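Sequence plus the predicted model coming up.
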Amino acid sequence: MADVLTLDGLDDPRLGEAVGALEHDGLVMFPHLPFALEPGEEAFLSTEVFSGESKNVSYDPASGKVGGTKLEGDPLERMRAMIARYSDFAQTVLARVAPTYGPHLQLRRTSFRPGPVDTRVMSKRKDDRRLHIDAFPSNPNQGRRILRVFTNVHPTGLERVWAVGNDDFEAYAKRWVGQVTPRPGGAWREAVGLTKGRRTAYDSVMLQLHDKGKLDDAWQAGEPKSRLAFPPGATWMVYTDSVLHAALSGQHAFEQTFYLPPDAMTEPARAPVRVLERLMGQPLL
Ligand code: SIN
Ligand code: FE
């Protein structure tokens, strides 16, 4: 399975192995690296904070904007401060785990997930309980890596449970690459606001790889996978664009997304864009 590097804390002598573990499609996991809520913030651990159909509260660290919640006024401000504090926490942790990435890391959305891992009936394509790599139709990343930091903040002991696939990105890509066609999006998609930035050939291939695996019942059943349980107080990080993962159960988590240009990796050749260019014999950016 994807290797898990389990560390005691930020002073663990094996911390220096973390970047290698991440870049080799493994997870880095701290069973005891909690994000502490402040008095009163437990009240936000409730699906009552959501607006409409939202399943996450999102926070944009660049603008301070919060989305997906119906809270207003003082409660909204206190929730915003809590999520901003988590964003700072995730940045501090990652700066220690991957110091060489420092100036190259691009801070993206923070998400607060007080709802249960989604069990509603939904399309296979949207169902993150099915094994997948992350690729998002409206958010082309143009070859940059997607590195995510998660923390379970469940107040009374519920683990967050994932499955992770055995295959690394290259094995997964080899399985499907003969069936995908690079279809970069026209500039119109961006102009009318369908995508945030240009959908490159790489983005189109990643979306197809995401869908191929998610929609294939036989592959879902047959791909060897392992169960991973993250207890409350655990913080973990993973390149979700290359590690096959599925969220099976749990409630109350935070997540911070970072992008990283492949050239800032210790081993840029392991970036999905480089792996796919090699397998497909053509440039994708
Ligand atoms: C996902 O990235 O598929 C969901 C992870 C989670 O919410 O635990
Ligand atoms: Fe995912």
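Structure received. Ligands and ions are numbered 1, 2, ... in the order given.

Below-threshold pLDDT in the stretch 151-285 of the chain: ranges please.
In the predicted model, the stretch 151-285 of the chain carries no residue with pLDDT under 70.

Name the residue of it that lies nearest to ligand 1.
Residue of the stretch 151-285 of the chain nearest ligand 1, by Cβ to the nearest ligand atom: A247 (3.7 Å). All C-beta spots, glycine's among them, are computed from the backbone N, C-alpha and C.

before we move on, what SS does that residue have?
Here A247 is recorded as strand under DSSP: H, G, I helix; E, B strand; the rest coil.

what's the answer for T92, then?
Criterion first, three-state DSSP; result for T92: helix.

That one and A173, how far apart?
Using Cβ to Cβ, to the nearest Å, T92 is found at 33 Å from A173.

who has more neighbours, those two?
A173 (22 against 11; other Cβ atoms under 10 Å).

That one and P272 touch, don't they?
Yes - contact criterion Cβ atoms under 8 Å: A173 and P272 qualify, at 7.3 Å.

shared neighbours of those two, which are they?
Overlap of the contact sets of A173 and P272 (by Cβ atoms under 8 Å, 6 or more residues apart in numbering) is empty.

What are the boundaries of the strands in the stretch 51-200 of the chain?
For the stretch 51-200 of the chain, the strands defined by DSSP state E, counting those that start in this stretch cover 57-59, 66-67, 106-116, 145-152, 160-165.

and the angle from the fourth one to strand 245-249?
Here the directions of strand 145-152 and strand 245-249 differ by 20 degrees (axes from the mean of the first three to the mean of the last three Cα atoms, to 10 degrees).

From the chain's centroid, how far away is strand 145-152?
5 Å (Cα atoms, centre = their mean, to the nearest Å).

cool, the shortest one as well?
Distance of strand 66-67 from the chain centroid (Cα atoms, centre = their mean) equals 18 Å.

tell me which strands and helices it is in contact with?
With contacts taken as 3 or more Cβ pairs under 8 Å, 6 or more residues apart in numbering; DSSP states H and E, strand 66-67 sits against strand 57-59, helix 73-97.

my guess is Y259 contacts R144, does it?
Yes - here Y259 reaches R144: they are 4.1 Å apart, a contact under Cβ under 8 Å.

anything in contact with each of the two?
Jointly contacting Y259 and R144 under the rule Cβ under 8 Å, 6+ apart are Q106.

Check for me that E48 belongs to a helix.
Yes - counting by three-state DSSP, E48 is located in a helix.

Count the residues that sit near it.
Counted with other Cβ under 10 Å, residues neighbouring E48 total 11.

Over to H252?
Going by other Cβ under 10 Å, the residues that sit close to H252 add up to 23.

Could you find the closest non-adjacent residue to it?
With Cβ to Cβ, 6 or more residues apart in numbering as the criterion, H252 has its nearest non-adjacent residue at 4.4 Å, and that residue is H154.

In contact with the one you found, which residues are there?
Taking Cβ under 8 Å, 6+ apart as the contact definition, H154 lies against 45, 160, 232, 250-253.

Equivalent analysis for G52, please.
By Cβ under 8 Å, 6+ apart, the neighbours of G52 are K70.

Against K70, how distant is it?
Noted for G52: a distance of 8 Å to K70, by Cβ to Cβ.

sorry, back to before: mind putting the helices and strands packed on strand 66-67 into CSV with mean pLDDT and distance to R189?
Listed next are the helices and strands packed on strand 66-67 as CSV, based on pLDDT from 0 to 100; distance: least, Cβ to Cβ, whole Å:
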stretch, mean pLDDT, distance to R189
strand 57-59, 98, 21
helix 73-97, 98, 29
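
And the residue of the stretch 51-200 of the chain that's closest to ligand 1?
D128 (3.6 Å).

how close does that residue sit to H245?
8 Å.

what sits in contact with each of the two?
If you check D128 and H245 against Cβ under 8 Å, 6+ apart, no residue is contacted by both.
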